[in-house]
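Chemist: any chance you could fold what I've pasted below:
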Amino acid sequence: MMNNFYRSLTQCNRFILIIPIILSIAGILTIAGISCNAGTFPSREVIIQSAALLAGIIMITLIMKLGCRYFTDLEWFIYIISVFFLLSVYIPGAGTTFYGSRAWLDIGFITIQPSEFVKTSFVIVMASYLTRRSGSLQNISEVLKAALYGVPFILIVAKEDLGSGCVFCAIWLFMVFCRGLELEMLAKSVLVLAAASPLFYYFLAGYQKDRIDAYFNPDDLDLPGNYQVWNAKAAVGSGGLWGKGYMNGTQAQLGFLPVPESDFVFAATVEDFGFLGGAAIILLFTILIIQILKTAKYASDIEGTLICAGFAGMFTFQAFENIAMNMGIMPVTGITLPFMSYGGSSMLSSMMSIGFILDVSCRQKL
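Modeler: From the prediction side, this is the model:
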């Protein structure tokens, strides 16, 4: 099995594997630096993140061994399991709430976030469905049929995890656009959604409204979300060009920066390594996404193109939203920075996504 894996690596785009590993190691170093200053090493977070990275590499090997087709052939089974997995957080005694969102399963020694894994399965079932279709999405009825696969998005919004719901929207849009959704219809859909945004605001949870209010009123420190943003911007700005040095960032080390190992890991990293460190992270994500889109372009079949397009949408939106909220450009959400933010579920699901992309890359046209 390992020989086949090494042979496959010689045929695929190795940037798609190397860059996530570099970003993952950088994230673990940042998490370790924060926990070291607290007097614990290796901390529980470092152990879980490192274990998730190793498990992710094993999953990449397995996915490349089985191939994408093995999973797309199980479309309905994966879809049904995914829906039940999302609903499992409502099981009494199993589901647990963090930061106002009931989106985790507590299984004793660790917690699991089902939505992270369902992002990956959502790409697979969407790719299988759109591949089975003949022709492109040329009228509203065909678009609505494709939208029925957005049921997981509805379930996640019901759990008050709007951030993850937006990721599902990005995945869906990237994939239907690659399948032939016309720009005119896409523009009309965006305008309708923009016009309906005040109605969506009415149905949001209280903490979600607070974050949006804070975004539109950045100078009002009485609003809950602005405390996080101000400290994140202070961390980013105080890093300067070269940074304060590893483990010398005051905002993260002294506890002013909330959840520096997860939501604000970018700000914590930039405080230590400065503008150059932040620019390196953005550059690595940019190269990764370009390479994924390049793989989509030269995929051997439409199914491979759609799989890569879905994961490109996922990584693009998550990286942009997380980095932008660290700089006060976008509202604060619970969206993680792929590969770098603490979270075993996020790390493992992101590495699994890389496994599918690498498999497509191995089979791409010359």
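
Chemist: just the pLDDT at the residue positioned nearest the centre of the chain, thanks.
Modeler: For the chain, Gln318 is the residue whose C-alpha lies nearest the centre (Cα atoms, centre = their mean; 4.6 Å). Gln318 is assigned 96 on the pLDDT scale.

Chemist: and the next helix or strand past the strand or helix carrying it?
Modeler: Per DSSP states H and E, Gln318 falls inside helix 302-326. For helix 302-326, the following helix or strand on the C-terminal side (DSSP H and E) is helix 344-362.

Chemist: show me what that next one is packed up against.
Modeler: Applying 3 or more Cβ pairs under 8 Å, 6 or more residues apart in numbering; DSSP states H and E, one finds that helix 344-362 contacts helix 2-9, helix 15-37, helix 44-66, helix 68-72, helix 114-132, helix 265-297, helix 302-326. No exception for glycine: its C-beta is placed from N, CA and C like everyone else's.

Chemist: average pLDDT for the third one?
Modeler: Spelled out, that is helix 44-66. 93.

Chemist: and what of the longest one?
Modeler: With pLDDT averaged residue by residue, helix 265-297 scores 95.

Chemist: now for that helix, which elements pack on it?
Modeler: helix 15-37, helix 224-238, helix 250-253, helix 302-326, helix 344-362.

Chemist: quick one: low-confidence ranges for the stretch 101-250 of the chain?
Modeler: Low-confidence segments of the stretch 101-250 of the chain (pLDDT under 70): 134-136, 138-139, 157-160, 203, 205, 221, 225.

Chemist: now with 90, please.
Modeler: 101-115, 129-166, 169, 172-173, 176-250 (pLDDT under 90).

Chemist: residue boundaries of the strands in it?
Modeler: Ranges of strands in the stretch 101-250 of the chain, per DSSP state E, counting those that start in this stretch, are 101-106, 111-112.

Chemist: off-centre distance for the shortest one?
Modeler: With Cα atoms, centre = their mean, to the nearest Å as the basis, the distance from the averaged C-alpha position of strand 111-112 to the chain average is 16 Å.

Chemist: now swap in the longest one and tell me
Modeler: Relative to the centre of its chain, strand 101-106 is centred 17 Å away, using Cα atoms, centre = their mean.

Chemist: so what touches that strand?
Modeler: Residues from elsewhere that reach strand 101-106, judged by Cβ atoms under 8 Å, 6 or more residues apart in numbering: 88-90, 94-98, 111-115, 156, 159-161, 164, 334.

Chemist: out of the helices and strands packed on helix 344-362, nearest to Leu186?
Modeler: The closest of the helices and strands packed on helix 344-362 to Leu186 is helix 302-326. By Cβ to Cβ, the value is 13.2 Å.

Chemist: so who does the closest residue to Thr72 other than its chain neighbours touch?
Modeler: Nearest residue to Thr72, sequence neighbours excluded (Cβ to Cβ, 6 or more residues apart in numbering): Ser128, at 4.1 Å. Residues counted as contacts of Ser128 (Cβ under 8 Å, 6+ apart) are 72-73, 75, 303.

Chemist: need the residues you listed in CSV (columns: pLDDT and distance to Met314).
Modeler: Supplementary listing: the contacts of Ser128 in CSV, determined by pLDDT from 0 to 100; distance: Cβ to Cβ, whole Å:
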residue, pLDDT, distance to Met314
Thr72, 91, 17
Asp73, 91, 22
Glu75, 89, 18
Glu303, 92, 17
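
Chemist: just the buried ones among these, please.
Modeler: Among those, those buried by neighbour count (16 or more other Cβ atoms under 10 Å) are 72, 75, 303.

Chemist: one step back: what packs against the helix holding Gln318?
Modeler: helix 68-72, helix 114-132, helix 162-178, helix 224-238, helix 265-297, helix 344-362.

Chemist: return the most buried member of those helices.
Modeler: helix 344-362 (a mean of 25; mean count of other Cβ atoms under 10 Å).

Chemist: now it: average pLDDT?
Modeler: Mean predicted confidence for helix 344-362 is 94.

Chemist: when you give positions from now on, start the count at 9
Modeler: Understood, numbering begins at 9; the last thing we discussed is helix 352-370.

Chemist: now the angle from it to helix 52-74?
Modeler: Interaxial angle of helix 352-370 relative to helix 52-74 (axes from the mean of the first three to the mean of the last three Cα atoms, to 10 degrees): 30 degrees.

Chemist: now do helix 352-370 against helix 122-140, angle only.
Modeler: 30 degrees.

Chemist: return the distance of Ala202 relative to Lys196.
Modeler: According to Cβ to Cβ, to the nearest Å, Ala202 stands 11 Å off from Lys196.

Chemist: these two: who's more crowded?
Modeler: Lys196 (12 against 9; other Cβ atoms under 10 Å).
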